[in-house]
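Asks: Build me a structure from this.
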Amino acid sequence: MGNWRSVEISGSCPADQVQGLRVAATAPDWLEENTGNRIEHCLLESRSLCGLGAWTSEKIEANGNLYERDFSIANVADALRFLSAAAPELEMVVHCGGDWESRECVATVRLKDGVVHVGDPEILHVAKISEEAIQTNLLSQLREQE
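Replies: Down below sits the predicted model:
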């Protein structure tokens, strides 16, 4: 178990910046493998059962838990700053649920024109990850084990 934070993300990324965004959102495996360094931020693509999955694309829409436990709203803002360095024209909105997977939205974090703003909640509840998405994630993990 642990203190997971659920989020709902949306946004857009220019086609010519999607690859840079994808690298920045999957950095730990690549960096650790190639440099020995590991960078983690809370908006990494995740293959966990309730994670955000492979969310990087031109049109961004995903919901699920942040990459690891105990991330704060400030960590979400830091992650958006990190991602904007890789994709300067990236625009994203992250609706953040409360601690312990509370679906009640406690803050909305926006990235626009390279500037991150942490604001009051703009929705009441973040979307719950669907059972279908959880099953898809599980099957994906099981296939990797083969």
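
Asks: Helix or strand next in line after the lowest-mean-pLDDT helix or strand in the chain, which one?
Replies: Here the helix or strand of the chain ranked lowest by mean pLDDT, DSSP states H and E is helix 27-35, holding a mean of 52. As assigned by DSSP states H and E, the chain's next helix or strand after helix 27-35 is strand 59-65.

Asks: Residues contacting that next one, please?
Replies: Here strand 59-65 makes contact (CB atoms under 8 Å, 6 or more residues apart in numbering) with 4-13, 46, 48, 50-53, 55, 92, 101, 126-129, 133. C-beta here means a position set from N, CA and C on the backbone, and glycine is covered the same way.

Asks: switch the cut-off to 6 Å
Replies: For strand 59-65, contacts defined as CB atoms under 6 Å, 6 or more residues apart in numbering pick out 4, 6, 8, 9, 10, 11, 50, 51, 52, 55, 127, 129.

Asks: Taking these, tell me the two that lie furthest apart.
Replies: Greatest spatial distance in these: 4 and 11, 21.6 Å, computed using CB to CB.

Asks: ok, for residue 96, nearest residue in space, not its chain neighbours?
Replies: Nearest residue to residue 96 in three dimensions, chain neighbours excluded: residue 107, at 4.8 Å (CB to CB, 6 or more residues apart in numbering).

Asks: just so I have it, where are all the strands in the protein?
Replies: Along the chain, counting by DSSP state E, strands occupy 6-12, 59-65, 91-98, 102-112, 115-119.

Asks: Quick check: buried residues in the shortest one?
Replies: Neighbour counts over strand 115-119 (16 or more other CB atoms under 10 Å) mark residue 116 as buried.

Asks: Tell me which other helices or strands that strand touches.
Replies: Other elements packing on strand 115-119 under the criterion 3 or more CB pairs under 6 Å, 6 or more residues apart in numbering; DSSP states H and E are helix 73-86, strand 102-112.

Asks: chain center to stretch 48-59: distance?
Replies: 7 Å (CA atoms, centre = their mean, to the nearest Å).

Asks: Please read the previous query as pertaining to stretch 5-24.
Replies: With CA atoms, centre = their mean, you get 8 Å for stretch 5-24.
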